[in-house]
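**Student:** Pasting the sequence and the predicted model now:
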Amino acid sequence: MPSLRLLSLSVCVAAALSAGCKQGAPAPASQPADSAAAPAVADAAWDSAVDQFIQGFFERYPTWGANAGKHEFDGRLPDFSPEGLKRTAQWLHQQRDAVSAFADDRLTPAQRYQRDYVRAVIDGQLFWLEDSGFATKNPAFYMGDLSPSMYLTRPYAPLEQRMAAFATYQENLPKAVAQIRANLQGPLPDTYIQLGSAVFGGMAEFFDKDVPKIFAGVQDEKLQLRLKQSNAMATVALRELAEHMKLQKGRAPVDFALGADKFAKMLKATEGVDLPLDRLRAAGEADLARNLAALQSACEAYAKGKPIAECIEQVNADKPAGGAVEGARKQLVGLRQFLVDKDLVTIPGTEEAKVEEAPPFNRNNFAYIEIPGPYEKNLPSVYYIAPPDPKWPKAEQDAYVPGKADLLFTSAHEVWPGHFLQFLHANRSQWKFAQLFVGYAYAEGWAHYTEEMMFDAGLDGATPEIHIGQLTNALLRNVRYLSAIGLHTGGMTVAESEQMFKDKAFQDPGNARQQAARGTYDPAYLNYTLGKLMIQQLREDWTASRGGRSAWKSFHDQFLSYGGPPIPLLRAQMLGTAPETKLWMAPAATAASTATAATAAPAPANGSR
């Protein structure tokens, strides 16, 4: 998962392609609806200001810049010291003031939209830096910036060149780790301790055992010595950090909850959503109830007379041949062809995604995808699937591997037509900022939305078994949504969240533990369902005057043309209205969405399941 600072962005960076102008579609995203008020000439100073912001962002978050494909930042790490974090926050405030100084009468409508988009990104960054408090207690705040995946798995340069960059990274790691250790002095919540010790310890083990093998073929003896020496220092530093996390165990308990006010501020700052918590909760409860009712009906058709839990167990017993990785590889072929046959969305290229087992240091979620940044060319994307923890009991390990129907919608979420397709559009955007900054609710909301959309379109015959696979994925996100609100605003315990994942999302014990723990350090994981609901409502409103269901492809292409702004900002562009932060979903939609063929209703890393 991405660092918490960048949860309002995609860690792999993404954006959008201008949609084709078919009959019934609005103008592309670069031409907002209020063009009559545009100045005669675009303000060139605006484009310069955006370019300077991007460059300044790369300087302060060099790992992020390198991941985007700016390899002059290879090996560098951010300044995590309190003084460094403060300087970054000050710079962001200065940038926000500079962006806000561009008044409406100076900008074209397209530039006004861009200004609001840039300002939204800054507001999200400032929330994680200043308001969340995560820099001093949450190890997830740092994990995206420490990930070595780019150097080890992405063939952006010859192996020898990547080895040198990785050696630089390892040489810089002890200083960064010392800063993180100083910041995370505790006491810390138990789930944070477990996360930090597992991830930092997993990195240390991976560096020690696997990294030398990756670069073993490089014949440069001087470089091999440099790698060996830096690897030893980095491994020691990571092990010490993992031990430091473990030593926090047993100290005075610490509350992980953000609290209602801070949680509401998170939603407003990172997603542009301003809703009373009771209404926010009611929307999630209604979607959970809708999906539970649909699951009951599907199980009646699939395993009549059996309890729902046994019905799901029967579906999940049909495991993919060769395991989840091999099963996903086969599924991607059919998913792509289904999109073509049904003409659901434009596929703007010929790229394909690989499927691999997740590396040991990134197995805290079942599945995620890594996609090269927009400055990279002709590089593969990789859909990673985590194996079960070998320390778990055998029965739990077996249960952790999903059935074919469940895995099908994970594959849809990660690749076709979820994150990977979004990034195919992304890398063809004409505005670089939109290629780089994509919101959590936009990315994960789109990926989750596509699962239900694919079932509604008849994926694999839309059989009851397939429906159960789609619904179990939806229920997982429903419980995330309600857990995030409960854990951070309602006094819900981790044990209560874990039980809800078992009772309402029918998760196996291993997944239930992981998901409940994730809610404590990733309070924004409600964005899967939040984004889905906003997209569903926008689709209904946009297609109502454009042919209804026949306009789905136009809607999907148009949606993917906007980069990844807060969905309320995007909604205003697509509908030609003022930005809405409160009415992202019509009251009727909180009870049920419009009917579909098979259910009572019709759904962001690093994208993750």
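**Tutor:** Alright, I've got the coordinates.
**Student:** Are we agreed that Glu356 is in a helix?
**Tutor:** No - counting by DSSP: H, G, I helix; E, B strand; the rest coil, Glu356 is not found in a helix; it is strand.
**Student:** That one: how many residues sit nearby?
**Tutor:** Here the number of neighbours of Glu356 (other CB atoms under 10 Å) works out to 15. For every residue, glycine as well, the C-beta is placed using N, CA and C.
**Student:** Check it and give its pLDDT.
**Tutor:** The pLDDT attached to Glu356 in the predicted structure is 95.
**Student:** buried stuff in the helix or strand hosting Ala237?
**Tutor:** For Ala237, the element it lies in under DSSP states H and E is helix 221-247. Under the neighbour-count criterion of 16 or more other CB atoms under 10 Å, helix 221-247 has 224, 226-227, 230-231, 234-235, 237-242, 244-245 buried.
**Student:** How far does that helix sit from its chain's centre?
**Tutor:** 29 Å (CA atoms, centre = their mean, to the nearest Å).
**Student:** Packing partners of that helix?
**Tutor:** helix 159-183, helix 190-209, helix 211-214 (3 or more CB pairs under 8 Å, 6 or more residues apart in numbering; DSSP states H and E).
**Student:** Between the two ends of stretch 95-104, how far is it?
**Tutor:** Counting by CA to CA, to the nearest Å, you get 17 Å between the two ends of stretch 95-104.
**Student:** what is the rounded mean pLDDT of it?
**Tutor:** On average, the pLDDT along stretch 95-104 is 96.
**Student:** can you map out the strands along the chain?
**Tutor:** Across the chain, reading from the start of the chain, the strands by DSSP state E fall at 353-357, 367-370, 381-385, 607-608.
**Student:** Redo these as JSON lines? Include distance to Asn316.
**Tutor:** Written out in JSON lines, the entries for those read as follows (distance: least, CB to CB, whole Å):
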{"stretch": "strand 353-357", "distance to Asn316": "20"}
{"stretch": "strand 367-370", "distance to Asn316": "15"}
{"stretch": "strand 381-385", "distance to Asn316": "15"}
{"stretch": "strand 607-608", "distance to Asn316": "20"}
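**Student:** Give me whichever of these is most buried.
**Tutor:** Comparing the strands of the chain on average neighbours per residue, with mean count of other CB atoms under 10 Å, the densest one is strand 607-608 at a mean of 28.
**Student:** pLDDT (mean, whole number) over that strand?
**Tutor:** In this model, strand 607-608 has a mean pLDDT of 60.
**Student:** Leaving aside the residues adjacent along the chain, what's closest to Phe501?
**Tutor:** With CB to CB, 6 or more residues apart in numbering as the criterion, Phe501 has its nearest non-adjacent residue at 3.9 Å, and that residue is Ala512.
**Student:** Quick one: the helices in the stretch 351-500 of the chain, in order.
**Tutor:** Assigned by DSSP state H, counting those that start in this stretch, the stretch 351-500 of the chain shows helices spanning 394-400, 404-414, 419-426, 432-436, 440-456, 464-489, 494-503.
**Student:** export the shortest one as PDB, just CAs?
**Tutor:** Coordinates of each C-alpha in helix 432-436 appear next as PDB, following Å, rounded to 0.1, in the frame of the first residue of the first chain:
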ATOM      1  CA  LYS A 432       1.200  16.000 -17.100                       C
ATOM      2  CA  PHE A 433      -0.300  16.900 -13.700                       C
ATOM      3  CA  ALA A 434      -3.300  14.700 -14.400                       C
ATOM      4  CA  GLN A 435      -1.000  11.800 -15.300                       C
ATOM      5  CA  LEU A 436       0.700  12.100 -11.900                       C
END
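**Student:** chain center to stretch 434-454: distance?
**Tutor:** Relative to the chain's own centre, stretch 434-454 is displaced by 8 Å; criterion: CA atoms, centre = their mean.
**Student:** Please disregard the earlier target; I meant stretch 219-232.
**Tutor:** Put simply, stretch 219-232 sits 35 Å off its chain's centre (CA atoms, centre = their mean).
**Student:** ok, back up a step: indicate which one of the strands of the chain is closest to Ala89.
**Tutor:** Judged by CB to CB, the one of the strands of the chain that comes nearest to Ala89 is strand 607-608, at 26.8 Å.
**Student:** Could you give the number of residues near the residue lying closest to Arg281 once chain neighbours are set aside?
**Tutor:** The spatially closest residue to Arg281, leaving aside those adjacent along the chain, is Ile485, at 5.4 Å (CB to CB, 6+ apart). Burial measure for Ile485: 22 neighbouring residues, criterion other CB under 10 Å.
**Student:** What of Asp131?
**Tutor:** With neighbours defined by other CB under 10 Å, the count for Asp131 comes to 14.
**Student:** residue contacts, it?
**Tutor:** Applying CB atoms under 8 Å, 6 or more residues apart in numbering to Asp131 gives the contacts 262, 265-266, 269.
**Student:** May I see these arranged in JSON lines, with neighbour count and distance to Leu295 as well?
**Tutor:** Converted to JSON lines, the contacts of Asp131 look like this (neighbours: other CB atoms under 10 Å; distance: CB to CB, whole Å):
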{"residue": "Lys262", "neighbour count": "17", "distance to Leu295": "34"}
{"residue": "Lys265", "neighbour count": "17", "distance to Leu295": "34"}
{"residue": "Met266", "neighbour count": "24", "distance to Leu295": "30"}
{"residue": "Ala269", "neighbour count": "23", "distance to Leu295": "35"}
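**Student:** From these, which land in helices?
**Tutor:** In helices, defined here by DSSP state H, the members of the contacts of Asp131 are 262, 265-266, 269.
**Student:** gap between the closest residue to Gly439 other than its chain neighbours and Val315?
**Tutor:** Using CB to CB, 6+ apart and skipping residues adjacent in sequence, the residue nearest Gly439 is Gly564, 4.8 Å away. Applying CB to CB, to the nearest Å, the value for Gly564 to Val315 is 33 Å.
**Student:** Quick check: which ranges of the chain have low pLDDT?
**Tutor:** Residues of the chain meeting the criterion pLDDT under 70: 1-42, 361, 364, 579-608.
**Student:** Touching, Gly284 and Thr529? I think so.
**Tutor:** Yes - using CB atoms under 8 Å, Gly284 is in contact with Thr529, at 6.2 Å.
**Student:** okay, and the common contacts of these two?
**Tutor:** A shared contact of Gly284 and Thr529, defined by CB under 8 Å, 6+ apart, is any residue touching both; here these are 478, 481.
**Student:** between those two, who's got more neighbours?
**Tutor:** Thr529 (29 against 25).
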